[in-house]
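S.K.: sequence unknown, structure follows:
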């Protein structure tokens with residue numbers, strides 16, 4: 001049933017995407033902010049308690065509703081799983097913004113592309129060249145393609161009902177809200193949420209990297225993954241970017257202009273500097289990866305049916 005749930009949720013997300021950010025994300029972000037104000041006393045144990053209070057009640061609620069509806073009618077339980085996964089997936093907005101940047105570059109509207117990528121990534125891009133814009137956009141779409149689509153699906157098929165998707169989604173939000181903050185007030189409080197998501201994402205990241213290799217240049221993807229990913233500031237993200245760059249045959253990372261200087265980043269991948277054409281190829285790589293995952297999930301589902 002997982003395969004049919006995923007296909008149905010993907011169809012709904014493409015047909016009628018929720019507003020970005022969705023009301024569910026906004027509500028949970030406000031809830032997380034309230035928890036941090038009430039519980040953050042500067043120690044890591046408070047962050048552990050905050051994560052448990054922030055995530056576990058929703059997991060229990062989602063699981064109880066799933067079992068209750070399934071007991072009433074299995075079709076209701078299936079519909080609930082589809083609805084929750086649909087609410088968690090948030091990739092349509094990413095492709096819309098990404099395509100707008102691609103179209104602006106193809107039309108030669110460099111200033112428009114700068115404004116769009118700056119708004120999308122939340123950082124100034126006034127000094128970026130066409131290659132800088134393409135490079136940054138490809139990096140972002142790879143990360144969001146994993147976080148908002150592939151990683152969610154991976155956890156959805158592991159845990160009962162839709163709890164896997166909820167666990168991954170809420171943990172990712174708390175890792176962003178608490179774990180990635182660098183101010184001293186949140187250093188200890190955000191440690192646990194950051195560590196939990198790192199553990200949750202360890203296997204999905206590598207599944208995405210392997211699928212990138214299969215969908216693109218296999219040898220270069222594995223070579224870049226092994227030789228370059230650890231140099232990235234976040235090695236987990238480095239695995240995705242290095243394998244994606246190698247599979248695509250393009251250079252990612254490297255220096256990126258910023259206000260008052262340059263952000264010197266490790267170079268990832270091999271080949272040419274990216275442009276609008278490579279941006280389209282990067283999106284195609286994500287869709288091919290999704291197809292590979294769906295085929296594998298279908299085969300597993302059929303094997304279970306035959307075995308039963």
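M.R.: Thanks, I have the structure now. These numbers were taken from a predicted model, which means no experiment stands behind them.

S.K.: Could you list the buried residues of the strand or helix carrying residue 56?
M.R.: Using DSSP states H and E, the element containing residue 56 is helix 44-72. Of the residues in helix 44-72, 46-48, 50-51, 54-55, 58-59, 62-63, 65-66, 69-70 count as buried by neighbour count, 16 or more other Cβ atoms under 10 Å. Backbone N, C-alpha and C define where each C-beta goes, glycine included.

S.K.: contacting residues for the residue lying closest to residue 97 once chain neighbours are set aside?
M.R.: Leaving aside its sequence neighbours, residue 97 sits nearest to residue 120 (Cβ to Cβ, 6 or more residues apart in numbering; 4.9 Å). Applying Cβ atoms under 8 Å, 6 or more residues apart in numbering, we find residue 120 in contact with 97, 98, 101, 137, 140.

S.K.: How many neighbouring residues does the last one have?
M.R.: By other Cβ atoms under 10 Å, the residues close to residue 140 number 17.

S.K.: My understanding was that it contacts residue 121; is that so?
M.R.: Yes - between residue 140 and residue 121 there is a contact under Cβ atoms under 8 Å: 5.8 Å.

S.K.: where exactly do the helices run in the stretch 101-250 of the chain?
M.R.: Counting by DSSP state H, counting those that start in this stretch, the stretch 101-250 of the chain has helices at residues 110-121, 130-145, 151-156, 163-174, 184-187, 191-215, 218-228, 235-248.

S.K.: Tell me the buried residues in the fifth one?
M.R.: Of the residues in helix 184-187, those buried under the neighbour-count criterion (16+ other Cβ under 10 Å) are residue 186.

S.K.: Please apply the same query to the second one.
M.R.: By neighbour count on 16+ other Cβ under 10 Å, the buried set for helix 130-145 is 130-145.

S.K.: Quick one: list the elements packing against that helix.
M.R.: Applying 3 or more Cβ pairs under 8 Å, 6 or more residues apart in numbering; DSSP states H and E, we find helix 130-145 packed against helix 92-106, helix 110-121, helix 235-248, strand 251-253, strand 256-258, helix 276-307.

S.K.: could you give the angle of that helix to helix 191-215?
M.R.: Angle between the axes of helix 130-145 and helix 191-215 is 110 degrees (criterion: axes from the mean of the first three to the mean of the last three Cα atoms, to 10 degrees).

S.K.: pLDDT (mean, whole number) over helix 130-145?
M.R.: Helix 130-145 shows a mean pLDDT of 94.
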